[in-house]
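Undergrad: next one to model:
(one chain, ligands or ions: 1)
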Amino acid sequence: MAAGIDDIAIYIPRLYIDASDFAVNRGLDPVKLQKGLGVSQMAIVDANQDPACLAANACLQIMQKNKLSPEDIGRLYISTESAFDESKAMNSYVVGMLEQVYGQGAFEHCGGVETKFACVSGSYALYDNTNWIRAGEAEGKYALVVVSDIAKYDMGSSGEMTQGAGAVVMLLNDNPRLLAFDPKVTSTSIKDEYDFYRPFGKETPIVHGQYSNLLYMIQVRKALEAYKKKVLSTGLIKMGDDETILDHMDYINMHLPYSNMGKKALAYLVRHEWRQLPRWKKILSDIEMNEPIPKDPRGTIESVLGDNEFMAKDHEFTKMFTKTPEYQEIYESKLSSSLIASSMIGNLYTASLYLGFRSSLEFEHKKGIDLEGKRIGFGSYGSGSSAMVFSGIVQPNFKDIVGRMDLEAEIGNRRKLTWEEYEELHENKLSPEESMVHTNKEFVLVDVQTEKENRGERRYVFNE
Ligand code: CAA
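TA: Numbering: from 1, shown residues only. Sure thing, here's the model as predicted:
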């Protein structure tokens, strides 16, 4: 049975900080953000928003757009790494908000959980719900999978220049208009790591930035190896002698903690995939440099990162490789359109990969490319750490969805924050009633209880 993404919607908060303003106030070169990381603007949540609000607003949008009633929905999953309760799942808050519009008890028949594994958990949620549909348990109902996050880092930390916020919701069914997932090939890798984590009670993560970058690439590569074995053994893809698995993906969507991480990760995967092929000899001869090898080639990530000579040479090699026409071709045709939304919005943790997918569809379609039948590969990564690689095929009715996509309009009117406003919001100095913008027809947070007997209870309203 086919199963996959029938429609997709986004909700992005109305406030943002401009990368140049950020750089000036932090004493950084604006070019580092804009060119080095690919960050132009970072979406910031208002004082009356939390990740549950973002998720509920995205859900309402996709339901209204498709004229769905709660009866049409069988499952509602939320994936996030911005949870604010250790027990009560974010789904229940979202259901509570949606029932303010659809009536109390309207979602009572639904199932679902909140899933957690840093940025990769949304991919696990998609996979589980796809299998719920494939197993024939959906009884004609849709699953809603929402990925919603606030990427907030400590002030003055290197992660602070890779913030953002937003939610993406995907509607799944057995007759998807957008993308049908390739069956029996989803592949994973998992390892106990401390590259990025957020201990109980801490609002911002503890991050080992460069370590996390390298681990991301290593883990996705491992999942890609497993994917390759599966596609060959299931016969999904037949590979010629001078081909790699990436040649069989028309588009490649990577997890995007910042836009340029996609570029970096793609270059890493392509290098590893091409190394055994005749085309690699030509690349080495064109760039007139051999691939550097670390002093301890089978060492740990720490030893590789600590090998300064290797790191400098490898950086130089990567720069030269990414300038070759061969890499440029794969970058431009398979990845570049997925990076556009990320540079305008920033890091969405769980939602980053899917914002990239959404971005790729719109901007490739706008180039006049017929997307029907194209295979899209996904490289999902979550710190801590796990990676997932999977793929799907764009469906014949994709234009019903993609033809109406308009990122600028969907983001809506945004207000640029001053530095003082940004700091006030970052330090949580404002209460919900001191929000910076008043929105219409959106769910907002009203208050969070502080009394002993109901501490942590949250109240939301739908702004008419
Ligand atoms: N002009 C132009 N480019 C410049 C520049 C300048 N003046 N200064 C630096 N650059 C370039 C650098 O060359 C580098 O480019 P390459 O990656 O191509 O080498 C880029 O800008 C970034 O510079 P640095 O690597 O020196 O940046 P940094 O070390 O200060 O911080 C970071 C980068 C480590 C990603 C940091 O922002 C961070 O810790 N972010 C949070 C963690 C993160 O996003 N990790 C990603 C993988 S883990 C994950 O994905 C989970 C998740 O969602 C968080």
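Undergrad: and D447, which of the three is it?
TA: D447 falls in the strand class when you classify it by DSSP: H, G, I helix; E, B strand; the rest coil.
Undergrad: ok, it - contacts?
TA: Taking Cβ atoms under 8 Å, 6 or more residues apart in numbering as the contact definition, D447 lies against S431, P432, R458, R459. Bear in mind the C-beta positions are built from the backbone N, C-alpha and C, glycine included.
Undergrad: OK, contacts around the closest residue to the ligand within the stretch 1-150 of the chain?
TA: The nearest approach of the stretch 1-150 of the chain to the ligand comes at G36, 2.1 Å away (Cβ to the nearest ligand atom). Contacts for G36 were tallied using Cβ under 8 Å, 6+ apart; they are N260.
Undergrad: distance of R275 from G377?
TA: For R275, the distance to G377 equals 19 Å [Cβ to Cβ, to the nearest Å].
Undergrad: which of those two has more neighbours?
TA: In terms of neighbours (other Cβ atoms under 10 Å), G377 is the more surrounded of R275 and G377; the figures are 22 against 13.
Undergrad: quick one: contacts for the more buried one?
TA: Contact criterion Cβ under 8 Å, 6+ apart gives L246, M249, Y251, I252, N253, V389, F390, S391 as the residues in contact with G377.
Undergrad: and if you look at V39?
TA: When the contact criterion is Cβ under 8 Å, 6+ apart, the partners of V39 are A19, L33, M161, T162, Y258, S259, S343, G346.
Undergrad: mind putting the residues you listed into CSV with secondary structure and pLDDT?
TA: Output for the contacts of V39, formatted as CSV (DSSP: H, G, I helix; E, B strand; the rest coil; pLDDT from 0 to 100):
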residue, secondary structure, pLDDT
A19, helix, 98
L33, helix, 98
M161, helix, 98
T162, helix, 98
Y258, coil, 98
S259, helix, 98
S343, helix, 98
G346, coil, 98
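Undergrad: using CSV, write out every CA atom in stretch 270-284.
TA: The C-alpha atoms that make up stretch 270-284 are tabulated as CSV, following Å, rounded to 0.1, in the frame of the first residue of the first chain:
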residue,chain,number,x,y,z
VAL,A,270,29.6,13.0,-2.2
ARG,A,271,33.3,12.8,-1.4
HIS,A,272,32.8,9.4,0.3
GLU,A,273,30.5,8.1,-2.4
TRP,A,274,32.8,9.2,-5.3
ARG,A,275,36.1,8.1,-3.8
GLN,A,276,35.9,4.6,-5.3
LEU,A,277,34.8,5.8,-8.8
PRO,A,278,36.8,6.7,-11.9
ARG,A,279,35.4,10.2,-11.8
TRP,A,280,37.3,10.8,-8.5
LYS,A,281,40.7,10.5,-10.3
LYS,A,282,39.7,13.4,-12.5
ILE,A,283,38.6,15.5,-9.5
LEU,A,284,41.9,15.0,-7.8
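Undergrad: centre of the chain to that stretch, how far?
TA: Computed by Cα atoms, centre = their mean, to the nearest Å, the separation of stretch 270-284 from the middle of its chain amounts to 29 Å.
Undergrad: what are the buried residues along it?
TA: Within stretch 270-284, the residues scored as buried using 16 or more other Cβ atoms under 10 Å are V270, R271, H272, E273, W274, I283.
Undergrad: also stretch 28-37?
TA: Those would be L28, P30, L33, Q34, L37, for stretch 28-37 by 16+ other Cβ under 10 Å.
Undergrad: by proximity to the ligand, which residue of the stretch 51-200 of the chain wins?
TA: With distances taken as Cβ to the nearest ligand atom, the stretch 51-200 of the chain approaches the ligand most closely at G159, which sits 3.5 Å away.
Undergrad: look at that residue and report its pLDDT.
TA: In this model, G159 is scored at 98, pLDDT.
Undergrad: which non-adjacent residue is nearest it?
TA: Taking Cβ to Cβ, 6 or more residues apart in numbering as the measure, G159 lies nearest to Y153, with 3.4 Å between them; neighbours along the chain are not counted.
Undergrad: and for I411?
TA: For I411, the nearest residue in space outside its immediate sequence neighbours is I12; the separation is 4.9 Å by Cβ to Cβ, 6+ apart.
Undergrad: and G111, by the same measure?
TA: Leaving aside its sequence neighbours, G111 sits nearest to R75 (Cβ to Cβ, 6+ apart; 5.2 Å).
Undergrad: that neighbour and G373, how far apart?
TA: From R75 across to G373, the span is 28 Å (Cβ to Cβ).
Undergrad: what about these two, which has more around it?
TA: More neighbours surround R75 than the other of R75 and G373, with 22 against 11 (other Cβ under 10 Å).
Undergrad: which residues sit in contact with the more buried one?
TA: With Cβ under 8 Å, 6+ apart, R75 has these contacts: C110, G111, G112, N129, W132, A138, K141, A143, L144.
Undergrad: ok, E433 next?
TA: E433 makes contact with N48, V446 under the criterion Cβ under 8 Å, 6+ apart.
Undergrad: isn't there a strand covering it?
TA: No. According to three-state DSSP, E433 belongs to no strand; its state is helix.
Undergrad: without its sequence neighbours, what residue ends up closest to the residue of the stretch 251-400 of the chain found nearest the ligand?
TA: Among all residues of the stretch 251-400 of the chain, P257 sits closest to the ligand, at 3.4 Å; criterion: Cβ to the nearest ligand atom. In space, not counting the residues next to it along the chain, P257 is nearest to N347; the distance is 5.0 Å by Cβ to Cβ, 6+ apart.
Undergrad: now do the SS call for the one you found.
TA: Using three-state DSSP, the structure places N347 in coil.
Undergrad: try A23
TA: State at A23, reduced to three classes by three-state DSSP: helix.
Undergrad: repeat for L144
TA: Counting by three-state DSSP, the backbone at L144 sits in strand.
Undergrad: ok, it touching S79?
TA: No. Counting by Cβ atoms under 8 Å, L144 does not reach S79; the two are 11.4 Å apart.
Undergrad: looking at these two, which is more packed in?
TA: Ranked by neighbour count (other Cβ under 10 Å), L144 and S79 place S79 first, with 30 against 27.
Undergrad: which residues touch that one?
TA: When the contact criterion is Cβ under 8 Å, 6+ apart, the partners of S79 are E114, T115, K116, S121, G122, Y124, A125, V145, V146, V147, S148, T350.
Undergrad: how far does the helix or strand harbouring the fifth one sit from the chain's center?
TA: Right, G122. Counting by DSSP states H and E, the element that carries G122 is helix 121-134. Mean C-alpha position of helix 121-134 versus that of the full chain (Cα atoms, centre = their mean) differs by 16 Å.
Undergrad: fine by me, thanks again.
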